[in-house]
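> show me the folded form of this:
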Amino acid sequence: MFGLIVVLLGIVLVGYLIVKKYYAPWSLLLVGLILLLIVGLFTDTAIVTGKKATNSWLLDIVQVVTNISSSTLAGLGLQIMVISGFADYLDRIGATKSFVKICAKPLEYIHSPYTLLAISYLVGQFINIFIPSAVGLGVLLMLTVYPLLMAVGVSSVSACAVIVTASCLDLGPASANSIVTAKLLGTSAMEYFLEGQLLIGSISALAIAVSHGLIQKYFDKKDLASGRLTADDFKLKSELIAASAKDKQPDAPRFYAILPVLPIVFLFIFSKFCYTGVKLQLATAMFLCMILSFLVDLLTRRKLKECIANTKAFFQGMGRVLTSTVSLIICAMVFAEGLKLSGGIASIISWAASMQNTGGVVMLVVMCALLAIASILTGSANAAFFAFNSLLPHAAKAVNWDLIIMACPVQLVSGIARSMSPIAGVTIAVSSIAGLSPFEVVRRTIPVMIIGMLTAILSSLILLG
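Got it, this is the predicted structure:
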């Protein structure tokens with residue numbers, strides 16, 4: 001009972017702080033430290049064991065932060081920082097913009113409004129594999145796909161709902177959550193993507209695309225009839241046209257579109273699916289692609305000083321994600337450590353495991369519900385997944401499941417739930433560009449995302465089990 005009370009206290013405290021818009025990383029860290037302090041004061045549980053222990057339970061609380069920081073920065077943190085740096089560099093030289101333009105080009109030939117809507121989601125989700133930033137992708141789609149949707153008669157709120165959810169499945173080896181899941185599974189991010197994510201993600205994406213087409217059409221007709229929408233909501237606003245004209249990303253040659261694809265290509269070639277003679281780590285692949293992209297840009301522009309100046313974006317991107325995503329990972333892991341050491345999580349897992357025949361399904365539903373609530377409250381799939389992913393191996397082991405059956409749907413659900421949050425960065429960015437309320441947009445995303453969640457869970461149980 002003590003452990004359950006501590007877990008409940010921790011979750012309520014974090015939820016309160018984040019809902020009140022306190023800085024999320026420090027909120028998670030602060031509550032994690034409080035939980036560790038409670039464990040140290042009221043139980044005999046060792047907070048740190050082995051050579052890294054300080055021999056003082058009070059100092060061990062701080063040692064937890066040191067241990068987690070050192071291991072994360074050297075491994076997972078470096079991978080995420082290099083991915084972010086490379087993405088920012090591609091933005092700086094215009095390669096990302098070229099890639100999105102080419103992918104969106106075929107959409108110009110589709111004139112059925114809600115067919116275009118559904119296919120636009122699939123195109124956006126495909127692009128997300130190569131551009132893992134939800135906000136960055138959302139902004140680019142607002143400048144390329146949004147005008148197309150408005151031109152064929154889709155309402156602005158429907159178009160925004162599709163764009164907000166374009167990255168909902170968080171697919172691909174460049175995704176931070178994918179990298180974390182792969183680490184849990186003891187495999188590479190590419191292997192996890194091809195052997196787990198791709199099948200379940202494809203089925204979920206199809207279900208979401210069809211749902212968007214049907215549900216947004218229903219909402220548009222209903223809201224237009226009730227007066228919630230007017231004819232002006234189906235017209236492209238001049239402000240967005242002006243924003244498109246002021247797009248900060250430079251134009252680049254069309255062949256630059258190949259540059260965002262290079263990391264996936266190299267990771268696939270040098271894997272068990274193609275050639276195993278060379279072992280290529282994710283961070284190494286990103287550094288390699290950065291060097292190749294610089295050489296391509298240099299040979300194309302032939303302006304050495306300008307091309308070297310552009311590489312500053314790479315290191316700025318690494319620093320930016322260190323202060324956001326990587327710091328969030330570390331603080332969330334401290335919070336998770338406090339939850340685990342309290343014993344409350346073990347009690348919940350034991351309770352679910354005790355249910356004969358249905359224990360595994362109950363466990364999966366509990367984990368998915370926990371991640372969904374956390375994602376909606378924080379507006380971040382990363383914050384939610386980083387905080388609770390370490391519980392997945394224990395949950396799967398308790399019900400004798402392969403870890404991938406538990407991990408894959410939970411990881412996908414965390415991203416899906418983010419698209420239901422009015423405080424998610426991508427929701428706020430897309431809504432502000434279109435001049436809409438984030439709450440109006442998530443009113444359209446919630447029913448579609450619920451269908452996506454159910455599809456991800458059911459398809460994982462059937463196909464991965």
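> run a quick neighbour tally on V180.
Neighbourhood size, V180 [other C-beta atoms under 10 Å]: 25. Backbone N, C-alpha and C define where each C-beta goes, glycine included.
> test my guess that it contacts A384.
No. Between V180 and A384 there is no contact under C-beta atoms under 8 Å: 11.5 Å.
> OK, contacts around S414?
D170, N177, L371, A372, A374, S375, A381, A384, F385 (C-beta atoms under 8 Å, 6 or more residues apart in numbering).
> pLDDT below threshold where in the stretch 201-350 of the chain?
237-249 (pLDDT under 70).
> could you redo the last one with a cut-off of 50?
Across the stretch 201-350 of the chain, the ranges flagged by pLDDT under 50 are 245.
> can you give me the helices in it?
Here the stretch 201-350 of the chain has its helices, by DSSP state H, counting those that start in this stretch, at 238-245, 262-269, 282-301, 304-310, 312-321, 327-342, 344-353.
> okay, the residue sitting nearest the centre point of the chain and G201: tell me how far apart.
By C-alpha atoms, centre = their mean, the mean C-alpha position of the chain lies nearest to D170, the distance being 4.5 Å. From D170 across to G201, the span is 9 Å (C-beta to C-beta, to the nearest Å).
> mind listing the shared neighbours of these two?
With C-beta under 8 Å, 6+ apart, D170 and G201 have common neighbours L412.
> returning to what we had before: S419: which of the helices of the stretch 201-350 of the chain is closest?
helix 327-342 (18.5 Å; C-beta to C-beta).
> secondary structure element for V48?
V48 belongs to no helix or strand when assigned by DSSP states H and E.
> circling back to that earlier point, nearest to L17, of the contacts of S414?
L17 lies nearest to A374 out of the contacts of S414, by C-beta to C-beta, at 12.8 Å.
> how many residues are close by that closest one?
For A374, the count of nearby residues is 25 (other C-beta under 10 Å).
> how close does it sit to I349?
Per C-beta to C-beta, A374 is found 17 Å from I349.
> what's the answer for G317, then?
Taking C-beta to C-beta, one finds G317 at 38 Å from I349.
> for I457, same thing?
With distances taken as C-beta to C-beta, I457 is found 18 Å from I349.
> same question, A159
Using C-beta to C-beta, one obtains 42 Å as the distance from A159 to I349.
> out of these two, which sits in the busier spot?
Neighbour count, other C-beta under 10 Å: between A159 and I349, A159 has more, with 31 against 21.
> just the pLDDT for the more buried one.
For A159, the pLDDT comes out at 95.
> same deal with the one 5 residues further on?
Confidence per residue is given as pLDDT, and for V164 that number is 95.
> what residues are up against it?
G138, S419, A424, V426, T427, V430, S431, V441, V442, T445.
> what's the fifth one in contact with, if anything?
This points to T427. So T427 contacts V164, G379, S419, S421, P438, V441, V442, T445 (C-beta under 8 Å, 6+ apart).
> mind redoing it with 6 Å?
Going by C-beta atoms under 6 Å, 6 or more residues apart in numbering, T427 touches V164, P438, V441.
> the second one against M420, yeah?
No. Using C-beta atoms under 6 Å, P438 is not in contact with M420, being 11.0 Å away.
> between these two, who's got more neighbours?
M420 (25 against 21).
> phi and psi next, for that one.
Main-chain dihedrals, M420, degrees, to the nearest 10: phi -100, psi 0.
> show me what contacts it?
Going by C-beta under 6 Å, 6+ apart, M420 touches I376, V442, T445, I446, M449.
> contacting residues for the second one?
Yep, that's V442 we're talking about. Residues in contact with V442 (C-beta under 6 Å, 6+ apart) are M420, P422.
> can you show me the helices along the stretch 351-465 of the chain?
359-378, 381-388, 392-398, 403-418, 425-434, 438-463.
> any idea how far L370 is from D233?
From D233 over to L370 the distance is 37 Å, taken as C-beta to C-beta.
> picking that back up, most surrounded residue in the contacts of S414?
Using other C-beta under 10 Å as the neighbour test, those are led by A381, with 30 neighbours.
> that one contacts R418, correct?
Yes. Counting by C-beta under 6 Å, R418 is a contact partner of A381 at 4.2 Å.
> between those two, which contacts overlap?
Each of S375 lies in contact with both A381 and R418 under the rule C-beta under 6 Å, 6+ apart.
> quick check: phi and psi at G343.
According to degrees, to the nearest 10, G343 has phi 90, psi -10.
> mind listing what it touches?
Each residue near G343 by C-beta under 6 Å, 6+ apart is listed here: G3.
> just list the residues touching the nearest residue to S293 once chain neighbours are set aside, thanks.
Excluding its sequence neighbours, the residue lying closest to S293 (C-beta to C-beta, 6 or more residues apart in numbering) is L259, at 4.9 Å. Counting by C-beta under 6 Å, 6+ apart, L259 makes contact with L90, A95, S293.
> look up how far F86 lies from L259.
The spacing between L259 and F86, counted by C-beta to C-beta, is 9 Å.
> gap between the closest residue to A53 other than its chain neighbours and A374?
Distances taken as C-beta to C-beta, 6+ apart place D60 nearest to A53, at 6.0 Å, with adjacent residues excluded. From D60 across to A374, the span is 27 Å (C-beta to C-beta).
> now do A283
Plainly put, A283 is 28 Å away from A374 if you go by C-beta to C-beta.
> and of the contacts of M420, the nearest to L107?
Nearest to L107 among these: T445, at 20.2 Å, using C-beta to C-beta.
> so that closest one sits against A417, correct?
No. At 10.3 Å, T445 does not count as touching A417 under the criterion of C-beta under 6 Å.
> relative to V39, which of the contacts of L259 is nearest.
The closest of those, once distances to V39 are taken by C-beta to C-beta, is L90, at 44.5 Å.
> what is the neighbour count of the closest one?
Residues lying near L90 (other C-beta under 10 Å) number 30.
> and S69, by the same measure?
Counted with other C-beta under 10 Å, residues neighbouring S69 total 18.
> on that earlier part again, would you check which pair of the contacts of M420 lies furthest apart?
I376 and T445 (11.0 Å).
> between the two, who's got more neighbours?
T445 (28 against 21).
> quick check: the gap between the more buried one and V157.
For T445, the distance to V157 - C-beta to C-beta - is 10 Å.
> circling back to that earlier point, now do the contacts for the residue nearest to A53.
With C-beta under 6 Å, 6+ apart, D60 has these contacts: I47, V48, A53, T54.
> now pLDDT and neighbour count too, for these, in CSV please.
CSV is the format used below for the contacts of D60 (pLDDT from 0 to 100; neighbours: other C-beta atoms under 10 Å):
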residue, pLDDT, neighbour count
I47, 88, 23
V48, 88, 22
A53, 84, 15
T54, 88, 14
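> for the residues you listed, which one is nearest A398?
I47 (23.3 Å).
> which residues touch the closest one?
Neighbouring residues of I47 by C-beta under 6 Å, 6+ apart: L36, G40, W57, D60.
> now with 8 Å?
L36, V39, G40, W57, D60, I61, Q63, V64, L341.
> what's the answer for D402, then?
A396, L464.
> also the one 10 residues further on?
L412 makes contact with L169, D170, Q197, I200, G201, S204, A456 under the criterion C-beta under 8 Å, 6+ apart.
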